[in-house]
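J.: I would like the atomic coordinates for the input below:
(2 chains)
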Amino acid sequence: MRTARRPFGGFAGWAILPFAAFLAVFAVYPLAQLVRMAFSDVQLEQGLFTWSFAGVANFVRLLDDPIAVRAVVVTTIFTVSAVPASIVLGTLAAVLVDRSTLFTGLARNVILWPAVIAPVVVSLMWLLILSPNLGALNNLLATLGLPGQGWLGSPTGAMGAIIAVDVWHWTPVVFLIVYTALRGMDADVLAAARVDGASERQLLWHIVIPLLRPALVAAALIRLVMCVKAFDEVYLLTRGGPGSATTLVTLHIRNVFFDRVELGYGASYSVVIVAVVAAVLALWAAGRRWVIRANGNGVVTG
Amino acid sequence: MKRTNPLVEGLLVVFVLAMVVPIGWMVVLAFQPGRTITSPEWDFAFTLGNFAALLAPGEPFLAQLGNSLAIVAGTVILCLAVGSLAGYVLSLLRLPRALTVVLLALAAFLPLVPPMALVPGLYVTLQNLGVLGTVQGLILLNTVFQLPFSVLLMKVYFDNVPPALREAALVDGATEARVFAAVMLPLVRPGLAAVGVFTAIMAWNEFLFGLTMTSGGVTSPLTVGIASLVQQYEVAWGEMAAAGSLAAVPIILLAIVANRQIVAGLSGGAVKG
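T.: Now for the predicted structure:
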């Protein structure tokens, strides 16, 4: 007790130091550099950066960049398609595994596999399937006597493909969260409802899904963040193409920073994206606090 | 009690096949010679030639494999050390409230930001530290992006340790450092296992920093090497499939063996936090 009461210092001080130092050097400092870069004109000459203050010029340019604006739209389309699809499929898988009598153990393990495989390998795997000339899918269509498709070659095909691959890759995470919540559910509640004569369908809509709501909200938030961060799979599958049809925000930042080497401009775009993420997070936290206060308890947890 | 419902079992089989078939197809192609891969018929043969070509002297694959293993080892060690210390302090010891709030806010913020948005700033940071393009630099970046998860998961495990244990050990004359190392760490072994397995997978799979912070070739991790095979399109399909299988199959085996740790890792932040 004596040491716990002692003012900051001693063991607690040096034990927290590595974590604090990591955050300071690799989160706070890079963020500061990013902001500084966004307000600068940065030139890379012989491996050295030269910085000159540019005011808000980089941010003004953003408004005139059609791809920068389009990337936000593309990211939004990608997110609002992939998140609900993986929530529905992940929940369905969780319910099926919970109800199954034959394959529970096997399926619970296998359904997690996609989530542990490297995104790079997942893209490669789907290229082997979707490639127009040698891919398994067109080969299968040919065997069935159907015409092959371009898949990644057309704008809608490419968008559909990256959404499908993302859903395949990350549905396991939703499955796991919902399945854990399902197993944690009080069996007595369900038994009581059955005794009261509730049908299986009523049970699902009026008891199971409301009880799963916190898990579903958590899964949706996690998937939302994952979709905004998505880069690896799309970079390898489509390079953002054809044209800029699948150029997500993250891909556009890479293009500006590494292909066009417009460091200040790329940084200003990054700053806007980080600010939007921070604003959404703050709004959500404020909203959640408001809901909890309104309910008078902590039932609504994310 | 539960009756077998054919519809449930049938749909579940469809789910399992949808997960397994794409992975299995890659593994099958890894053992195919170019002749059967380019054939429009469903021909199959068996060869180890793709693996031999990948591992041939002069190919960067082995160096990249070594880089990835070093990155995994460094990241896991740092995450375990820093994560368990910080998780312990945040759970059982006292810090100034302002410091706790700042640390937790940063730890909550970092996983939400697209890493790509931080790349310009991180690039400058690594350059200033003189570790740009090195394995050490990638270990540091992997660690910082896995630390929020590691610290919070360790905190959850320390939260379940009764505080009376620490007080009893202190009364017996142990120092704080000794209480942590001899009493507390053994109690949170499952947490250490979960953090270790999960950060290992994440570091093994990492691509974005490897791509942006190294100059490719023998300096890059395995994932970047695999991506450079993909760029050559259909020329090296067998090698591509072989490289992908070498990266994915050990992780899937790990997922089977260490299922409990992976479940804790994948759902840690969401279900428990």
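J.: what sits against residue A:156?
T.: Residue A:156 sits next to residue A:245 when contact means CB atoms under 8 Å, 6 or more residues apart in numbering or on different chains. To be clear about C-beta, it is placed using only N, CA and C from the backbone, and glycine gets the same treatment.
J.: now it: phi and psi?
T.: phi -70, psi -40 (degrees, to the nearest 10).
J.: read off the pLDDT value for it.
T.: As predicted, residue A:156 sits at a pLDDT of 89.
J.: chain B versus that one, what's the distance?
T.: Between residue A:156 and chain B the distance is 22 Å, computed by CB to the nearest CB, to the nearest Å.
J.: same deal with residue A:259?
T.: 12 Å.
J.: that residue: neighbour count?
T.: Counted with other CB atoms under 10 Å in any protein chain shown, residues neighbouring residue A:259 total 8.
J.: any idea which helix or strand comes after whichever helix or strand residue A:127 is part of?
T.: With secondary structure defined by DSSP states H and E, residue A:127 is part of helix A:119-130. With elements assigned by DSSP H and E, the helix or strand that comes after helix A:119-130 is helix A:136-143.
J.: any buried residues in that following helix, and which?
T.: Buried residues in helix A:136-143, defined by neighbour count with 16 or more other CB atoms under 10 Å in any protein chain shown: A:136-139.
J.: check the secondary structure at residue A:44 for me.
T.: With DSSP: H, G, I helix; E, B strand; the rest coil as the basis, residue A:44 sits in strand.
J.: helix, strand or coil for the nearest residue to it once chain neighbours are set aside?
T.: Nearest non-adjacent residue to residue A:44, counting by CB to CB, 6 or more residues apart in numbering or on different chains: residue A:261, 6.0 Å away. Three-state call for residue A:261 (three-state DSSP): coil.
J.: could you do residue A:149 as well?
T.: Per three-state DSSP, residue A:149 ends up coil.
J.: what about residue B:134, neighbour count?
T.: So residue B:134, with other CB under 10 Å, has 16 neighbours.
J.: which ones are touching it?
T.: Going by CB under 8 Å, 6+ apart, residue B:134 touches residue B:219.
J.: from residue B:125, how far out is it?
T.: Remark: distance between residue B:134 and residue B:125 (CB to CB, to the nearest Å) = 13 Å.
J.: try residue A:95
T.: 46 Å.
J.: comparing those two, which residue is more hemmed in?
T.: It is residue B:125, of residue A:95 and residue B:125, that has more neighbours when counted by other CB under 10 Å, with 23 against 20.
J.: which residues does residue 226 contact?
T.: Unless you meant another one, I'm taking chain A. The contact partners of residue A:226, taken as CB under 8 Å, 6+ apart, are A:170, A:173.
J.: that was the other one, I meant chain B.
T.: A:118, A:120-121, A:124, B:240, B:243-244, B:247.
J.: hmm, back to that, return the member of the buried residues of helix A:136-143 nearest to chain B.
T.: When the buried residues of helix A:136-143 are ranked by distance to chain B (CB to the nearest CB), residue A:136 comes first, at 5.8 Å.
J.: that closest one contacts residue A:125, correct?
T.: No. Here residue A:136 does not reach residue A:125: they are 10.3 Å apart, not a contact under CB atoms under 8 Å.
J.: pull up the overlap in contacts between these two.
T.: Common contact partners of residue A:136 and residue A:125 (CB under 8 Å, 6+ apart): residue B:25.
J.: restrict the buried residues of helix A:136-143 to those that also contact chain B, please.
T.: Counting by CB under 8 Å from any CB of the partner chain, A:136, A:139 from the buried residues of helix A:136-143 sit close to chain B.
J.: does the residue in the stretch 1-150 of chain B that chain A sits nearest to lie in a helix or a strand, and which?
T.: Nearest residue of the stretch 1-150 of chain B to chain A (CB to the nearest CB) works out as residue B:121 at 3.1 Å. If you go by DSSP H and E, residue B:121 is part of helix B:115-129.
J.: how far does that helix sit from the chain's center?
T.: Centroid separation between helix B:115-129 and its chain, computed with CA atoms, centre = their mean, to the nearest Å, is 21 Å.
J.: likewise stretch B:22-42?
T.: The answer for stretch B:22-42 is 28 Å, by CA atoms, centre = their mean.
J.: which ones are touching the closest residue to residue A:93 other than its chain neighbours?
T.: With sequence-adjacent residues excluded and distances taken as CB to CB, 6+ apart, residue A:93 is closest to residue A:175, at 4.5 Å. For residue A:175, the contact set (CB under 8 Å, 6+ apart) comprises A:90-91, A:93-94, A:97, A:111-112.
J.: what distance do you get for residue A:175 to residue A:88?
T.: Using CB to CB, residue A:175 is found at 11 Å from residue A:88.
J.: circling back to that earlier point, the residue nearest to residue A:44: neighbour count?
T.: 12.
J.: what of residue A:34?
T.: Residue A:34: 24 surrounding residues under other CB under 10 Å.
J.: low-confidence regions, the chain specifically.
T.: No chain was given, so I picked chain A. Along chain A, the model assigns pLDDT under 70 to residues A:1-9, A:46-48, A:291-302.
J.: wrong chain, I was asking about chain B
T.: In chain B, residues with pLDDT under 70: B:1-2, B:231-235, B:268-273.
J.: quick check, central residue of it?
T.: The centre of chain B sits closest to residue B:202, judged by CA atoms, centre = their mean, with a distance of 1.6 Å.
J.: residues in contact with that one?
T.: Counting by CB under 8 Å, 6+ apart, residue B:202 makes contact with B:75, B:142, B:146.
J.: so which elements touch the longest helix seen in chain B?
T.: Across chain B, the longest stretch assigned as helix under DSSP state H is helix B:61-92. Applying 3 or more CB pairs under 8 Å, 6 or more residues apart in numbering or on different chains; DSSP states H and E, we find helix B:61-92 packed against helix A:10-23, helix B:49-55, helix B:97-109, helix B:135-159, helix B:189-205, helix B:222-231.
J.: and if we set it to 6 Å?
T.: Using 3 or more CB pairs under 6 Å, 6 or more residues apart in numbering or on different chains; DSSP states H and E as the contact definition, the elements that helix B:61-92 packs against are helix A:10-23, helix B:135-159, helix B:189-205, helix B:222-231.
J.: phi, psi for residue A:146 please.
T.: phi -100, psi 150.
J.: what is the burial count for it?
T.: Other residues close to residue A:146 by other CB under 10 Å number 10.
J.: on that earlier part again, will you turn the helices and strands packed on helix B:61-92 into CSV that also has distance to residue A:79?
T.: Compiled in CSV, the helices and strands packed on helix B:61-92 are given as follows (distance: least, CB to CB, whole Å):
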stretch, distance to residue A:79
helix A:10-23, 28
helix B:135-159, 21
helix B:189-205, 22
helix B:222-231, 24
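J.: to residue A:255, which of the ones you listed lies closest?
T.: helix B:222-231 (15.9 Å; CB to CB).
J.: who in the stretch 151-300 of chain A is up against chain B?
T.: Listed as neighbours of chain B in the stretch 151-300 of chain A under the rule CB under 6 Å from any CB of the partner chain: A:173, A:176-177, A:180, A:218, A:222, A:225, A:229, A:231-232, A:236, A:250, A:253, A:257, A:266-267, A:270, A:273-274, A:277, A:281.
J.: in helices, which of those fall?
T.: If you go by DSSP H, those have A:173, A:176-177, A:180, A:218, A:222, A:225, A:229, A:232, A:236, A:250, A:253, A:266-267, A:270, A:273-274, A:277, A:281 in helices.
J.: could you look up the SS state of residue A:197?
T.: Recorded secondary structure, residue A:197: coil (three-state DSSP).
J.: distance check, residue B:213 against residue B:140.
T.: Here the criterion is CB to CB. By it, residue B:213 lies 10 Å from residue B:140.
J.: right, I mislabeled it, should have said residue B:4
T.: According to CB to CB, residue B:4 stands 53 Å off from residue B:140.
J.: of those two, which one has the most company?
T.: Higher neighbour count among residue B:4 and residue B:140: residue B:140, with 23 against 10, using other CB under 10 Å.
J.: quick one, which of the helices and strands packed on helix B:61-92 is nearest to residue A:153?
T.: Across these, residue A:153 has its closest neighbour in helix B:222-231 (16.3 Å, CB to CB).
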